[in-house]
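Peer 1: Sharing a sequence plus its predicted fold:
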Amino acid sequence: MASRVPRILRTLRNGFCGRCPACGRGKLFESWNQLRDECVICKFPLVNLQENTWAFMYLSTAGLTGSLVVAMFLLTPSDVKVGRFVVFLVAILGIAGTLPYRKGIAIAIEYLVELRWGGGEHGGGEGDEPESHGPRD
């Protein structure tokens, strides 16, 4: 169990930093939010992991929105128009600005789920199962 915790944390950190959850060296994204088809280093198929990230993306967006709503109840601006502008700006920057980080974490979580419970459906072929692409120590 002790060896699994660093593996999980390392995989999540790789996702947050925009690196391949399998090898930790290849980049996840071709551009700002465009996921690569596969890792350029280990050839792990990344695009297949994207299909099950919607729940994490939805919940993280809802969490950010909920935090903003709570902040609106707790803070009273001196000028309503300025307050509305600030809320709009914080909402756009907060949700859009964190999108690649949240998506990277979602890809890493999906990778870990496939390692634990998946039947290798994202493996892509013989010898390409997620188990063969574990994080390097």
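Peer 2: Nice, thanks for sending it over.
Peer 1: Report the contact partners of residue 37.
Peer 2: By CB atoms under 8 Å, 6 or more residues apart in numbering, residue 37 lies in contact with 45, 46, 47. Every residue, glycine included, has its C-beta placed from N, CA and C.
Peer 1: any idea which of those residues has the most stuff around it?
Peer 2: residue 46 (23 neighbours; other CB atoms under 10 Å).
Peer 1: From residue 85, how far off is residue 55?
Peer 2: Relative to residue 85, residue 55 is positioned 32 Å away (CB to CB, to the nearest Å).
Peer 1: What of residue 67?
Peer 2: Taking CB to CB as the measure, residue 67 falls 18 Å from residue 85.
Peer 1: Let's have the contacts of residue 37 in CSV, adding distance to residue 92, secondary structure and pLDDT.
Peer 2: Below are the contacts of residue 37 laid out as CSV (distance: CB to CB, whole Å; DSSP: H, G, I helix; E, B strand; the rest coil; pLDDT from 0 to 100):
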residue, distance to residue 92, secondary structure, pLDDT
45, 32, strand, 90
46, 27, coil, 88
47, 27, helix, 84
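Peer 1: which of those residues lies closest to residue 14?
Peer 2: residue 46 (11.8 Å; CB to CB).
Peer 1: Could I get the full set of helices for the protein?
Peer 2: Applying DSSP state H to the chain gives helices spanning 4-16, 54-74, 80-97, 99-117.
Peer 1: For the shortest one, buried residues please.
Peer 2: It stands for helix 4-16. 10, 11, 12, 13, 14, 15 (16 or more other CB atoms under 10 Å).
Peer 1: Sounds good, over and out.
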